[in-house]
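Enquirer: Just the structure for this:
(one chain, ligands or ions: 2)
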Amino acid sequence: MAEKSREKPIEMDDDNFFMSLAFLTSDRSKDPVTQVGACVVKDGILISTGYNGMPWGCSDDILPWDGTAKNEEENKRPYVCHAEFNAFVNRGDKDLSGCTLYTGLFPCKDCAKLIVQTGITTVVYMSDKHKEKKKYIIARDILEKANVEVREFVPTYSKLTLKSSATQNPFTASQK
Ligand SMILES: Nc1ccn([C@H]2C[C@H](O)[C@@H](COP(=O)(O)O)O2)c(=O)n1
Ligand SMILES: [Zn+2]
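Expert: Ligands and ions are numbered 1, 2, ... in the order given. Here you go, the predicted structure:
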């Protein structure tokens, strides 16, 4: 029987791998506007993941996600646990000092404070779409003042496909 030809497995570096994992994690978020995923990594080993969502036990359907409600308390935004926050909570009792945080969206000021207090030393982000907003300007300042290394992730793959077959390498990636 002729052997099936297989694509050569790709060797994915940490940044591409863990940012892809952050994006895969973000898929679990119920926020129809912005799905954010984050993961915490130490020495190339995954410690924890998180995505944005309502606090445990609070229904996803009681408040509007789109920010259209007049009163702040009727909007989802102040209630949502951010992806980074959830990644910290989900770590259990693991020590985060010296870890790298991968996040799809630049952290807000509250998550920036947690980044510093947990001892995370590097933040890798993909989008900084809120950079003009006060809480993100403050976040950048907090991280800078606390000497946390912050860098933007620039993907080196143009496409990453996840196939649902357990018997094959489920990833195919196209190099740029
Ligand atoms: N670094 C971030 C920023 C935002 N989020 C969450 C919070 C909301 O569910 C959603 C969108 O926020 P917005 O863009 O409307 O300010 O993303 C997060 O998890 N991590
Ligand atoms: Zn946040």
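Enquirer: Spatially, what comes nearest to Glu74 if we skip its sequence neighbours?
Expert: Distances taken as C-beta to C-beta, 6 or more residues apart in numbering put Leu63 closest to Glu74, at 6.4 Å, once the chain neighbours are dropped. Quick note: C-beta positions are derived from backbone N, CA and C, even for glycine.
Enquirer: if I read this right, that neighbour contacts Glu72, doesn't it?
Expert: No. Contact criterion C-beta atoms under 8 Å: Leu63 and Glu72 do not qualify, at 10.8 Å.
Enquirer: Of those two, give the one with the bigger neighbour count.
Expert: Neighbours per residue, other C-beta atoms under 10 Å: of Leu63 and Glu72, the larger number sits with Leu63, 17 against 10.
Enquirer: tell me the contacts of the residue nearest to Glu74?
Expert: By C-beta atoms under 8 Å, 6 or more residues apart in numbering, Leu63 lies in contact with 69, 74-76, 79.
Enquirer: for Glu149, what are its contacts?
Expert: Glu149 touches 121-123, counting by C-beta under 8 Å, 6+ apart.
Enquirer: any idea how far the closest residue to Gly119 other than its chain neighbours lies from ligand 1?
Expert: In space, and not counting its chain neighbours, Gly119 is closest to Ser97: 3.1 Å by C-beta to C-beta, 6+ apart. According to C-beta to the nearest ligand atom, to the nearest Å, Ser97 stands 21 Å off from ligand 1.
Enquirer: Give me every residue in this structure lying close to ligand 2.
Expert: 82, 108, 111 (C-beta under 5 Å from the ion).
Enquirer: how about 6 Å then?
Expert: 82, 84-85, 107-108, 110-111 (C-beta under 6 Å from the ion).
Enquirer: you'd agree the residue nearest to Gly119 is up against Val116?
Expert: No. Counting by C-beta under 8 Å, Ser97 does not reach Val116; the two are 11.0 Å apart.
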